[in-house]
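Engineer: here are the coordinates; sequence isn't available:
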Ligand code: S3P
């Protein structure tokens, strides 16, 4: 049994630990077969749907990283027993509408997904909940989720727009039709999860397709969800009279984590790496489509379906790359991969233009600014023009810079990846946050042959 207090201690350890700098340096050819941990988006959803299903849900391959463990801790605090038996996580569902008011605050640490989806889940319960998070999460916009939830009947104390905030759910949620103002699976999912608790049909209209794990998993748990294509987007409808049945879920490897390993193999000459069992849901593979356009030797082998999601083994070999223009409509399918793409673009000949990236400014950090600054401090010409990030590649990567990570796990991993081919090591000011999404990052990379240097050793 993973108990609440134990998890609370673990969360404090990551969010409040002193910064731990780490450097990555020029590495010999990377090679091997590896498996990345489970997909973060699917892991959050498996726990949440398991919690409101009737009966037992058994999850294998759950991502055991801080963000997901915080979601598990929050669900436990809402009265849902969750435990780990051998390699499987077991959730004893409370049924739709069956969560209970927690005794204390729900702490989501660094996780926007955990916070926003949980708001949707709490919305249909007659209870008051205070949500808190770390310094990064406390700066992120919550109005985007609160606006539709308030239309449905949720109340928020003191007009708060960021964490910490106190929300009150209701048993009388009003079903709505809501058009997403930004392409965000988190907003879509929050409204659909609330819709499960509303009397009638709730519809989300998305002008651009975003990751569809919530819809897929709702169907897997037996709910009726309809998706219809529309001019310039699609409409997803869920009814409030659905009951969910506990199910087995197998979580595929996270393509956003695999992206760092794939980029590393492309950067380091002579590399040949296979990453097994990676999710290749088309709403998530924009990064890999871009790699192919850049000239990457990348193959999806043994394509198959696991737990309602498509997966494959990714085979990546070092390649000579060319800069590309990444079209704006691809952004939702690779939104978390722009920092590592920008680092990879430093090694590609010519310019890479990544357009229409306003959403990157409201992630765990302002990723447009953090990425450009990190590249420039390592001798790579890069700039932000409006919402476009431009990297001039192929001029060599001098390295030697220290990158400010701003409590952002993906900035830390992207720049450690940059360092693997640089003339001098690249240092990130805090590698501790990597534990929020990919605690195995360093071990897996070193297993392939990557060179990491602890700050202690570098100082000696
Ligand atoms: C996620 C959606 C994306 C992504 C995040 C995970 C999800 O956020 O950046 O890491 O699991 O729904 P937005 O929906 O805000 O774009």
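Structural biologist: Received, thanks. All values derive from a computational prediction rather than experimental measurement. Numbers count the residues shown, from 1 in each chain.

Engineer: what does this structure put close to the ligand?
Structural biologist: Within the chain, the positions near the ligand by Cβ under 6 Å from any ligand atom are 41, 113, 184-186, 189, 211, 335-336, 359. Every residue, glycine included, has its C-beta placed from N, CA and C.

Engineer: in PyMOL, select just the buried ones from these.
Structural biologist: A single PyMOL command selects the buried members of the residues of the chain next to the ligand (16 or more other Cβ atoms under 10 Å):
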select buried, resi 41+113+184+185+186+189+211+335+336+359
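
Engineer: so can I have TSV of the residues of the chain next to the ligand showing pLDDT and secondary structure?
Structural biologist: Below are the residues of the chain next to the ligand laid out as TSV (pLDDT from 0 to 100; DSSP: H, G, I helix; E, B strand; the rest coil):
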residue	pLDDT	secondary structure
41	98	helix
113	98	helix
184	98	coil
185	98	helix
186	98	helix
189	98	helix
211	97	coil
335	98	helix
336	98	helix
359	97	helix
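
Engineer: and the residue of the stretch 351-460 of the chain found nearest the ligand, how far from residue 187?
Structural biologist: Closest approach between the stretch 351-460 of the chain and the ligand, counting by Cβ to the nearest ligand atom: residue 359, at 5.8 Å. With distances taken as Cβ to Cβ, to the nearest Å, residue 359 is found 11 Å from residue 187.

Engineer: again with residue 401
Structural biologist: Between residue 401 and residue 187 the computed distance is 36 Å (Cβ to Cβ).

Engineer: again with residue 433
Structural biologist: Residue 433 is 24 Å from residue 187, by Cβ to Cβ.

Engineer: just residue 56 next, same as before
Structural biologist: 30 Å.

Engineer: and those two? Which one has more around it.
Structural biologist: residue 187 (24 against 15; other Cβ atoms under 10 Å).

Engineer: secondary structure element for that one, which one?
Structural biologist: helix 185-195 (DSSP states H and E).

Engineer: residue 116 too?
Structural biologist: Going by DSSP H and E, residue 116 is in helix 112-123.

Engineer: tell me the strands beside the helix or strand just after that helix, with direction?
Structural biologist: Where DSSP H and E defines the elements, the next helix or strand beyond helix 112-123 is strand 128-132. Sheet pairing of strand 128-132 (DSSP bridges) gives strand 106-107 (parallel), strand 165-168 (antiparallel).

Engineer: of those, flag the one that's most buried.
Structural biologist: strand 106-107 (a mean of 24; mean count of other Cβ atoms under 10 Å).

Engineer: my read: residue 27 touches residue 451, true?
Structural biologist: Yes - contact criterion Cβ atoms under 8 Å: residue 27 and residue 451 qualify, at 4.5 Å.

Engineer: for residue 269, which non-adjacent residue is closest in space?
Structural biologist: Of all residues beyond its chain neighbours, the one nearest residue 269 is residue 318 (5.3 Å), with distances taken as Cβ to Cβ, 6 or more residues apart in numbering.

Engineer: so that neighbour touches residue 29, yeah?
Structural biologist: Yes - counting by Cβ under 8 Å, residue 29 is a contact partner of residue 318 at 7.4 Å.

Engineer: which residues do the two both contact?
Structural biologist: Counting by Cβ atoms under 8 Å, 6 or more residues apart in numbering, the contacts common to residue 318 and residue 29 are 268-272.

Engineer: just the buried ones from those?
Structural biologist: Buried among the shared contacts of residue 318 and residue 29 (16+ other Cβ under 10 Å): 268, 271.

Engineer: for residue 254, give me its contacts.
Structural biologist: Residue 254 is in contact with 36-40, 63, 278-279, 437-438, counting by Cβ under 8 Å, 6+ apart.

Engineer: kindly state the pLDDT recorded for the spatially closest residue to it that is not a sequence neighbour?
Structural biologist: Excluding the flanking residues, the one nearest residue 254 by Cβ to Cβ, 6+ apart is residue 39, at 4.2 Å. With respect to pLDDT, residue 39 scores 98.

Engineer: can you give me the distance of residue 39 to residue 424?
Structural biologist: Taking Cβ to Cβ, one finds residue 39 at 34 Å from residue 424.

Engineer: ok, these two, which is more surrounded?
Structural biologist: residue 39 (30 against 16).

Engineer: was I right to think the more buried one contacts residue 63?
Structural biologist: Yes - if you go by Cβ under 8 Å, residue 39 and residue 63 touch, sitting 6.8 Å apart.

Engineer: can you report phi and psi for residue 298?
Structural biologist: phi -140, psi 130 (degrees, to the nearest 10).

Engineer: count of neighbours near it?
Structural biologist: Counted with other Cβ under 10 Å, residues neighbouring residue 298 total 18.

Engineer: same thing with residue 85?
Structural biologist: The number of residues packed around residue 85, counting by other Cβ under 10 Å, is 9.

Engineer: just want to check the distance between it and residue 58.
Structural biologist: From residue 85 to residue 58 the distance is 9 Å (Cβ to Cβ).

Engineer: also residue 119?
Structural biologist: Residue 119 is 26 Å from residue 58, where distance means Cβ to Cβ.

Engineer: these two - which one has more neighbours?
Structural biologist: residue 119 (24 against 16).

Engineer: circling back to that earlier point, check what pLDDT the residue nearest to residue 269 gets.
Structural biologist: Per-residue pLDDT puts residue 318 at 98.

Engineer: I'd say residue 333 and residue 286 touch.
Structural biologist: Yes - look at residue 333 against residue 286 with Cβ under 8 Å: they come within range, at 3.3 Å.

Engineer: can you give me the strands for the stretch 101-250 of the chain?
Structural biologist: Here the stretch 101-250 of the chain has its strands, by DSSP state E, counting those that start in this stretch, at 106-107, 128-132, 155-156, 165-168, 177-179, 201-206, 225-230, 233-239, 248-250.

Engineer: residues in contact with the longest one?
Structural biologist: Under the criterion Cβ under 8 Å, 6+ apart, residues 188, 192, 195-196, 200-209, 215, 218, 223-228 lie in contact with strand 233-239.
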